[in-house]
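Asks: Provide a 3D model corresponding to the input given below.
(one chain, ligands or ions: 1)
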Amino acid sequence: MDLTLATITYFPLFFVLYQIALAFYNLHLHPLSRYPGPLLWRLYRLPFAYSLQSGRLVHDTKRFHDRYGAIVRLAPNELSFIDAQAWQDIYGHRKRGHKEMTKNPIWAQPAPNGVFSLINCAEKDHPRMRKPFVPGFSLKALKAQEDIISGYIDLLIARLSKHANLGDQVVDIKDYFNWTTFDIIGDLGFGEPFDCLQTERYHEWVSFLFGHLKDGALMASVNFYPWISSLLVALMPKSAYRAAQAHFAMSSDKVRRRMALKTDRKDLLSYVLTLNDDKGLTLPELEATSSIIILAGSESTSTMLTGTTNLLLRNPSKLEKLVVEVRTSFATESEINLDALEQLPYLRAVFQEAFRLIPPVPTQIPRIVPPEGDIICGHVIPGNTFVGVPQYAAYRYAGHFKYPDSFIPERWLSEDSPLNRPSSSDPTFDQSTFVGDKRSVVQPFSVGPRNCIGVNLAYAEMRLVLTRLLWNFNLKFTQRLIDETLEDEMLIFEEQKTYALWEREPFKIQLQSIR
Ligand code: HEM
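Replies: Coordinates of the predicted model:
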């Protein structure tokens, strides 16, 4: 028998033997073998990859933490941690003698121009790339941007009022939130909006992004198998490749147009263009980063607005409490501004609780332990282990929060707050019920040197949009006839699939204009 024939004949046998040996090694001899997790997931990477590409990883991970506790082995070389300390140990600023846990290359891929953006770049490039962006995202800069943001919220309210006044009140509110956040970040980031609110349609640039959000998770699930991913890239239709290039070219054009614009408007790029020098970002890096800022700066914020509205509608007593706070705190709509909104305790508590129940980045943000190993939550973890904190699982863990799946903004209020009373639909609680809650587990913007740069902007948009919505409209679920009775068409936000971010099912609601 020649060598080729022998290889073909015995390949299946070698393959099966190899898989058995691998399973034995992963179960008994691997340095992570003492950590608990579902059996098949500890033996092979495949169940993780399958769960990821089918949109169930976030929910599966929660189930496993509920069953196995604070540390779960999600794949032969991957551990998932949900204790608050893990945030500092994995993502936090490094103590002397500890290297940063790097971004995981399975996920952190270059932009179509071949360079890495701020969010995906290597640790050594990160300070250089982040520095010119910092002033544009400061609270001081935000004050100068407030008028631009408010202008788009005026337009949002005008668009929604038109529907409410025509009696054609059912709207997919998710689209309106998306259009608002895209227009704002388009204007602040590129100096020109996408005109989504103006036209009440997704701009082609935005549609392309949404069309390909899932692809990131799908690509990551095959990146675990380099030979399949090379094959997929080779088989990818040329048209898909050209579409990605064309999309990126559109971003680059927008950046170049903004750079050529002689203006003193205080948008995000104005700071970068003044501060950047030959030690800062190169033009290709700036193009890659601008493109990612549009996505990072719009999708998570609109997800948060959609999810919060969904939680409020499913909990009418909480909605009512917030409506009272909003409508009694201002005499006119023009008084609603960022300084005034900082003072509303129930609004703040609603967002904290919504971040807990439906974090916009629900999955683990993947990192790799440096080759020499490091300590996480008191455990010595071997080098090159994949690690992360899965937000959805951590925030709904019964060991961290009392009534973990209930929407109770009151848990975030001070104990002596007059708002700190249960409503009839709540489980019983008093001032002492939530003292044991592990609040520092909730870090929706991550921590450390690579945390979210857009926190201030995100809060500004969320507060302004939600309060002005509640100021102007009463909101209701749409209804339909079920078994001869009218019932709410209730989307349960957190039941949606996730592909790194939440999927975007329609969320139709009814608006009644009250002004
Ligand atoms: C509710 C809204 C938001 C949430 C929950 C959120 C969450 C996050 C998280 C968890 C990270 C860390 C990602 C990682 O380590 O891989 C991040 C990074 C980032 N976010 Fe946000 N984000 C939000 C809004 C925004 C906004 C409004 C902007 C800007 C316009 C923005 C821009 C960025 C950028 C540029 C990074 C990368 C920062 C760096 O690597 O230095 N985000 N965000």
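Asks: and the end-to-end length of stretch 478-491?
Replies: End-to-end distance for stretch 478-491: 10 Å, by CA to CA, to the nearest Å.
Asks: what distance separates it from the middle of the whole chain?
Replies: Centroid separation for stretch 478-491 versus its chain: 31 Å, with CA atoms, centre = their mean, to the nearest Å.
Asks: tell me the contacts of the residue lying closest to residue 310 once chain neighbours are set aside?
Replies: Using CB to CB, 6 or more residues apart in numbering and skipping residues adjacent in sequence, the residue nearest residue 310 is residue 493, 4.1 Å away. Quick note: C-beta positions are derived from backbone N, CA and C, even for glycine. Contacts here follow CB atoms under 8 Å, 6 or more residues apart in numbering; on that basis residue 493 touches 306, 307, 310, 311, 358, 502, 507.
Asks: Can you tell me how far residue 493 is from residue 461?
Replies: Relative to residue 461, residue 493 is positioned 19 Å away (CB to CB, to the nearest Å).
Asks: same question, residue 429
Replies: From residue 429 to residue 461 the distance is 31 Å (CB to CB).
Asks: One more: residue 286?
Replies: 23 Å.
Asks: again with residue 54
Replies: Per CB to CB, residue 54 is found 32 Å from residue 461.
Asks: Just want to know which of these two has more residues nearby.
Replies: Under the criterion of other CB atoms under 10 Å, the comparison of residue 54 against residue 461 puts residue 461 first, with 25 against 13.
Asks: so what's that one closest to, chain neighbours aside?
Replies: residue 301 is the one closest to residue 461 (CB to CB, 6+ apart), at 5.2 Å.
Asks: Okay, and that neighbour sits in which element?
Replies: If you go by DSSP states H and E, residue 301 is part of helix 283-314.
Asks: Show me where the stretch 401-515 of the chain has its strands.
Replies: All strands of the stretch 401-515 of the chain, identified by DSSP state E, counting those that start in this stretch, fall at 473-477, 479-482, 485-488, 498-499, 501-502, 508-513.
Asks: from these, which stretch is densest packed?
Replies: strand 501-502 (a mean of 22; mean count of other CB atoms under 10 Å).
Asks: follow-up on the earlier one: what angle sits between the helix or strand that the helix holding residue 301 is followed by and helix 283-314?
Replies: Using DSSP H and E, the helix or strand that follows helix 283-314 towards the C-terminus is helix 316-329. Going by axes from the mean of the first three to the mean of the last three CA atoms, to 10 degrees, helix 316-329 is angled at 110 degrees with respect to helix 283-314.
Asks: tell me which residues in helix 316-329 are buried?
Replies: Buried residues in helix 316-329, counted by 16 or more other CB atoms under 10 Å: 318, 319, 321, 322, 323, 325, 326, 329.
Asks: Next: stretch 383-399.
Replies: Quick answer for stretch 383-399 (16+ other CB under 10 Å): 385-397.
Asks: End to end on it, go ahead and measure it.
Replies: Across stretch 383-399, first to last residue, CA to CA, it's 29 Å.
Asks: So is that stretch next to the ligand?
Replies: No - figure legend: stretch 383-399 not in contact with the ligand (CB under 6 Å from any ligand atom); closest approach 7.9 Å.
Asks: same deal with stretch 127-142?
Replies: Yes - applying CB under 6 Å from any ligand atom, one finds stretch 127-142 touching the ligand at residue 130.
Asks: and the end-to-end length of that stretch?
Replies: 22 Å.
Asks: what residues does that stretch touch?
Replies: Taking CB under 8 Å, 6+ apart as the rule, stretch 127-142 contacts 118, 121, 266-272, 275-276, 279-281, 285, 289, 338, 449, 453-457, 460.
Asks: Just the buried ones from those?
Replies: Buried members of the contacts of stretch 127-142, scored by 16+ other CB under 10 Å, are 118, 121, 266-272, 276, 280-281, 285, 289, 338, 453-454, 456-457, 460.
Asks: center of the protein - which residue?
Replies: Nearest to the mean C-alpha position of the chain, by CA atoms, centre = their mean, lies residue 361 at 2.7 Å.
Asks: Tell me who's in contact with that one.
Replies: 300, 391, 444, 446, 500, 501 are the contacts of residue 361 under CB under 8 Å, 6+ apart.
Asks: Now it: phi and psi?
Replies: phi -110, psi 90 (degrees, to the nearest 10).
Asks: distance of it from the ligand?
Replies: 4 Å (CB to the nearest ligand atom, to the nearest Å).
Asks: Give me the nearest residue to the residue in the stretch 1-150 of the chain positioned nearest to the ligand, chain neighbours excluded.
Replies: As assessed by CB to the nearest ligand atom, the ligand sits closest to residue 119 within the stretch 1-150 of the chain, at 4.0 Å. Spatial nearest neighbour of residue 119, excluding adjacent residues (CB to CB, 6+ apart): residue 292 at 5.2 Å.
Asks: and that neighbour, what is it in contact with?
Replies: Taking CB under 8 Å, 6+ apart, one finds 111, 117, 118, 119, 120 in contact with residue 292.
Asks: residues in the stretch 151-300 of the chain within reach of the ligand, list them.
Replies: 185, 293, 296, 297, 300.
Asks: rerun that using 5 Å as the cut-off
Replies: Neighbours of the ligand within the stretch 151-300 of the chain, by CB under 5 Å from any ligand atom: 293, 296, 297, 300.
Asks: related to what we said a few turns ago, taking the buried residues of stretch 383-399 together, which two end up most distant?
Replies: Greatest spacing in those, by CB to CB: 385 and 396 (24.6 Å).
Asks: quick one: residue 364 from the ligand, how far?
Replies: From residue 364 to the ligand the distance is 10 Å (CB to the nearest ligand atom).
Asks: What is the burial count for that residue?
Replies: If you count neighbours by other CB under 10 Å, residue 364 ends up with 27.
Asks: same check, this time on residue 157
Replies: 22.
Asks: Can you check the pLDDT for the residue lying closest to residue 315 once chain neighbours are set aside?
Replies: Distance criterion CB to CB, 6+ apart; nearest residue to residue 315, sequence neighbours excluded, is residue 407 at 4.9 Å. We have a pLDDT of 97 for residue 407.
Asks: which residues sit in contact with residue 407?
Replies: 311, 314, 315, 318, 353, 354, 357.
Asks: mind putting these in JSON lines, distance to the ligand and pLDDT included?
Replies: Formatted as JSON lines, the contacts of residue 407 follow (distance: CB to the nearest ligand atom, whole Å; pLDDT from 0 to 100):
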{"residue": "311", "distance to the ligand": "14", "pLDDT": "97"}
{"residue": "314", "distance to the ligand": "20", "pLDDT": "95"}
{"residue": "315", "distance to the ligand": "20", "pLDDT": "95"}
{"residue": "318", "distance to the ligand": "19", "pLDDT": "97"}
{"residue": "353", "distance to the ligand": "14", "pLDDT": "98"}
{"residue": "354", "distance to the ligand": "10", "pLDDT": "98"}
{"residue": "357", "distance to the ligand": "13", "pLDDT": "98"}
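Asks: Flag the shaky bits of the stretch 251-400 of the chain, pLDDT-wise.
Replies: Applying pLDDT under 70 to the stretch 251-400 of the chain flags no residue at all.
Asks: Try it again at 80.
Replies: Within the stretch 251-400 of the chain, the segments meeting pLDDT under 80 span 275-279.
Asks: In a markdown table, list the contacts of residue 292 along with distance to residue 70.
Replies: Output for the contacts of residue 292, formatted as a markdown table (distance: CB to CB, whole Å):
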| residue | distance to residue 70 |
| --- | --- |
| 111 | 36 |
| 117 | 33 |
| 118 | 31 |
| 119 | 28 |
| 120 | 29 |
